[in-house]
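> everything below, folded, please.
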Amino acid sequence: MIALRTGLIAAVAVMVAGAAQAQSNTTNTSGATTQLNAGGASLPAPTYRSLFNCFGLPTDGTTTLPTGCAARVRTDVSINYGSVGSGGGQRAFYTDSRYQLTNSAAAGSQPAGTMAIAASDAALTAAQIAVYNATATTAAGASPLASGQTIVAPGVTPSGATQFANPLASYGPMIQLPAMGSAVAIGYNPVYKQIRNARNGNVVNYSFNVQNRGVGGGLRLDAATYCAIFSGEITNWNDSRITALNVNPATGVAVSLRAANDPVAEADWSLPIKVVVRDETSGTTALFTRHLRAACAQFQTATVLLNTTKSNLSAGFSQGFPGIDTGITVAGSTAGNCAATGAVNTIFGGTWMRGRGSEGVAKCIGGNGTRLVSDATRKFTETVTNGAIGYLSTDYVMPFVTAANPTYAQYGVNTAFLQNAAGNWIAPTPSSTQLALGALLPPVTSTDKADPSKWVANPSGAVAGTAGLIPASITGGYPIVGTTNFMVYTCYANDAARKALVNAASNSTEGFLNWFYRSPASVAAIIKAGGFSAVPAATRQAITSTFLAGTTSPLRVRTGPVSGLCSAGA
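Sure thing, here's the model as predicted:
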């Protein structure tokens, strides 16, 4: 008989009570009687950890409440979260194995029943959902599993180290839910050059002459310009297309980004652009490339789409930046270590760099340890240039970084203000993300409610099942948004774990998902502090009435086994 799913949402792994407690992949010192494992998406990881530590006991033994948390909800539950990227979360969800969070391909020591929730910034494609439902093969490009791993057909017992039980038969239908609205920021280093004075060791900074500064940045980029930058057409900060957007608000005249104190004459000023992309596959890249595919002619060409040796956009998006050899071995390539991209698609020019995770991108943009500081003992001339720009989560850029994680403020990454379809210049704030998500409406028909793809439409990407680009009618909406998503099982073998996830608010022991989608003040404050936005109220209410405890909906989360729906295992 097939084992019942004990996990919750895709890309977050949660460990349940009982025998599963001994299988935790992290040291849990909380003392909670019900311990849940979660993991996946890296973009919202700091915010998810704050939410989990507000709901239950922290897993690292600390007792301090997260910023924005008024009071802890449960003292008998703890939730571990492993930030490994959306792909790792998807693998863990499909196999019900938290060990997939380490990207391991072997199944021998990976018992099922160790996942509760998974988080992914990349919505699962129709082909990937079909693999879960065992209506398609696990061919490359369709399965979220690692190379060589397979999911067996319903009723078939897995054999060997790389086969896994069929999740549909084991854990019931997949549930994929939007968790938070997420904007992808285009970040840049405002200090493009530093020169050390040989007389006294002092350092002079030369910053971009941004004419329309706002909180956290203000460099203006329209779609045509950032499409040209990220396709390698614009390779220098002196390009007239960038200058044309840097308009003095008092005179209406476009001016160069060259600093007024720069010793290089205007006519000679030149600064190569260094484009920083993710080194590994990620949901952040998926959201960003989904937008590029929709907004940029450069990313709709056959050269990009048909490039079979590197990541491509044939599916409407890519979890690895197209044209860049992502995911290959880079010596010392940990978070923040910058490396040359290696081979790039021949249509891409310019200088490209890679960072591991959003933090790695932030470090690369910030100079990766090359930033100069005044030092009286270093009396010699020294010059460092930067000119970096890249895409990353909003909680790694100013001003959100100071609220969500002050540690990241040291990288000094500012955020560009992008022009939306209405012609307005918009920063990636929680409010502008919230406005952009206004087009995200919950499914209505019973057929659509049962379809996991219908709950996680991506407004900023024109692919099947999404709402397309943000319309001009949403005048204050930020143009590059989507949702970071939970994946949940319909059936959980452990009733205590199920209740810790979906118990109704009317009970004294409310479940995490009910608390989260009810969106009390603590949830709203933590989400906002991280630079994210709550999904629309209508969507939250529909999720609660369709899937969570207290409902009679046929799609509700339950304790298995349920005849004809899921099996509880041997």
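> quick check, Asn80 in a strand?
Yes: assessed with DSSP: H, G, I helix; E, B strand; the rest coil, Asn80 lies in a strand.
> my guess is it contacts Ala38, does it?
Yes: proximity of Asn80 to Ala38 meets the contact threshold set by C-beta atoms under 8 Å, at 6.1 Å. (Each C-beta comes from the backbone N, C-alpha and C, glycine too.)
> as a quick check, tell me the outermost residue of this structure.
Largest separation from the mean C-alpha position in the chain: Arg199, at 46.4 Å (C-alpha atoms, centre = their mean).
> now the closest residue to Phe532 other than its chain neighbours: how far from Thr150?
Nearest non-adjacent residue to Phe532, counting by C-beta to C-beta, 6 or more residues apart in numbering: Met180, 4.1 Å away. Counting by C-beta to C-beta, to the nearest Å, the gap from Met180 to Thr150 is 33 Å.
> quick one, strands of the stretch 301-450 of the chain?
Using DSSP state E, counting those that start in this stretch, the strands found in the stretch 301-450 of the chain span residues 339-340, 351-355, 382-385, 388-393, 414-419, 425-426.
> and the last one, what does it pack against?
To tie it back to what came earlier, the one meant is strand 425-426. Contacts defined by 3 or more C-beta pairs under 8 Å, 6 or more residues apart in numbering; DSSP states H and E place strand 425-426 against strand 414-419.
> neighbouring strands of the strand it packs on in the sheet, and parallel or not?
Counting by DSSP bridges, the strands paired with strand 414-419 are strand 174-188 (antiparallel), strand 217-221 (parallel), strand 425-426 (antiparallel).
> tell me the angle of it relative to strand 388-393?
Using axes from the mean of the first three to the mean of the last three C-alpha atoms, to 10 degrees, one finds that strand 414-419 and strand 388-393 are set 80 degrees apart in direction.
> residues contacting the residue nearest to Arg196 when sequence neighbours are not counted?
Spatial nearest neighbour of Arg196, chain neighbours left out: Glu382 (3.9 Å); criterion: C-beta to C-beta, 6+ apart. Counting by C-beta atoms under 8 Å, 6 or more residues apart in numbering, Glu382 touches 195-196, 372.
> need the residues you listed in CSV (columns: neighbour count and distance to Ala409).
As requested, the contacts of Glu382 are exported to CSV (neighbours: other C-beta atoms under 10 Å; distance: C-beta to C-beta, whole Å):
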residue, neighbour count, distance to Ala409
Ile195, 18, 24
Arg196, 21, 23
Leu372, 20, 18
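> ok, of those residues, which one's closest to Ala71?
Closest approach between the contacts of Glu382 and Ala71, by C-beta to C-beta: Leu372, at 45.6 Å.
> wait, what's in contact with that closest one?
By C-beta under 8 Å, 6+ apart, the contact list for Leu372 reads 194, 196, 203, 382, 384.
> going along the chain, name the strands of the stretch 451-570 of the chain.
Per DSSP E, counting those that start in this stretch, the stretch 451-570 of the chain carries strands over the ranges 481-489, 491-492, 533-534, 558-559.
> Gly283 and Pro44, how far apart?
Distance of Gly283 to Pro44, computed by C-beta to C-beta: 9 Å.
> common neighbours of those two, please.
By the contact definition C-beta under 8 Å, 6+ apart, Gly283 and Pro44 are jointly contacted by 121, 484.
> so who does the closest residue to Cys296 other than its chain neighbours touch?
With C-beta to C-beta, 6+ apart as the criterion, Cys296 has its nearest non-adjacent residue at 3.5 Å, and that residue is Cys227. Residues near Cys227 by C-beta under 8 Å, 6+ apart: 292, 295-299.
> in JSON lines, list those residues along with pLDDT, secondary structure and neighbour count.
Written out in JSON lines, the entries for the contacts of Cys227 read as follows (pLDDT from 0 to 100; DSSP: H, G, I helix; E, B strand; the rest coil; neighbours: other C-beta atoms under 10 Å):
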{"residue": "Leu292", "pLDDT": "86", "secondary structure": "helix", "neighbour count": "28"}
{"residue": "Ala295", "pLDDT": "86", "secondary structure": "helix", "neighbour count": "22"}
{"residue": "Cys296", "pLDDT": "85", "secondary structure": "coil", "neighbour count": "20"}
{"residue": "Ala297", "pLDDT": "83", "secondary structure": "helix", "neighbour count": "10"}
{"residue": "Gln298", "pLDDT": "81", "secondary structure": "helix", "neighbour count": "18"}
{"residue": "Phe299", "pLDDT": "78", "secondary structure": "helix", "neighbour count": "22"}
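> center of this protein - which residue?
Within the chain, and using C-alpha atoms, centre = their mean, the residue nearest to the centre is Leu43, at 3.3 Å.
> tell me the contacts of the closest residue to it other than its chain neighbours?
Once flanking residues are discounted, Leu43 sits nearest to Ser393: 4.2 Å by C-beta to C-beta, 6+ apart. Taking C-beta under 8 Å, 6+ apart as the contact definition, Ser393 lies against 42-44, 182, 184-185, 284, 358, 531.
> just the closest of the residues you listed to Val557, please.
Pro44 (21.6 Å).
> I'd say the closest one and Ser533 touch.
No: in this structure, Pro44 is not within contact of Ser533 by C-beta under 8 Å, at 11.4 Å.
> joint contacts of those two?
180, 182.
> quick one, phi psi at Asn248?
Reported as degrees, to the nearest 10, the phi and psi values for Asn248 are phi -70, psi 120.
> figure out the helix or strand that the closest residue to it other than its chain neighbours lives in.
With sequence-adjacent residues excluded and distances taken as C-beta to C-beta, 6+ apart, Asn248 is closest to Gln211, at 5.0 Å. For Gln211, there is no host helix or strand (DSSP states H and E).
> quick check: Gln211 touching Thr251?
No: using C-beta under 8 Å, Gln211 is not in contact with Thr251, being 9.5 Å away.
> compare the two and say which is more crowded by neighbours.
Using other C-beta atoms under 10 Å as the criterion, Gln211 and Thr251 rank with Gln211 on top: 19 against 9.
> list the contacts for the more buried one?
For Gln211, the contact set (C-beta under 8 Å, 6+ apart) comprises 246-249, 255.
> PyMOL command to pick out the buried ones of these?
This is how PyMOL selects the buried members of the contacts of Gln211, with burial counted by 16 or more other C-beta atoms under 10 Å:
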select buried, resi 246
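> format the contacts of Gln211 as CSV; extra columns: pLDDT and secondary structure.
CSV is the format used below for the contacts of Gln211 (pLDDT from 0 to 100; DSSP: H, G, I helix; E, B strand; the rest coil):
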residue, pLDDT, secondary structure
Asn246, 96, coil
Val247, 95, strand
Asn248, 94, coil
Pro249, 92, coil
Val255, 95, coil
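> and the contacts of Gln211, which is closest to Val413?
Taking C-beta to C-beta as the measure, Val413 lies nearest Asn246 of the contacts of Gln211, at 18.9 Å.
> which residues does the closest one contact?
For Asn246, counting by C-beta under 8 Å, 6+ apart, the contacting residues are 209-212, 219-220, 254-257.
> please name the nearest non-neighbouring residue to it.
Residue nearest to Asn246 in three dimensions, not counting chain neighbours: Gln211, with 5.1 Å by C-beta to C-beta, 6+ apart.
> and that neighbour, how far from Leu245?
To Leu245, Gln211 is 9 Å away according to C-beta to C-beta.
> give me the common contacts of these two.
With the criterion set as C-beta under 8 Å, 6+ apart, the contacts of Gln211 and Leu245 do not overlap.
> relative to Thr243, how far out is the residue nearest to Gln298 when sequence neighbours are not counted?
In space, and not counting its chain neighbours, Gln298 is closest to Ser231: 3.7 Å by C-beta to C-beta, 6+ apart. Distance of Ser231 to Thr243, computed by C-beta to C-beta: 19 Å.
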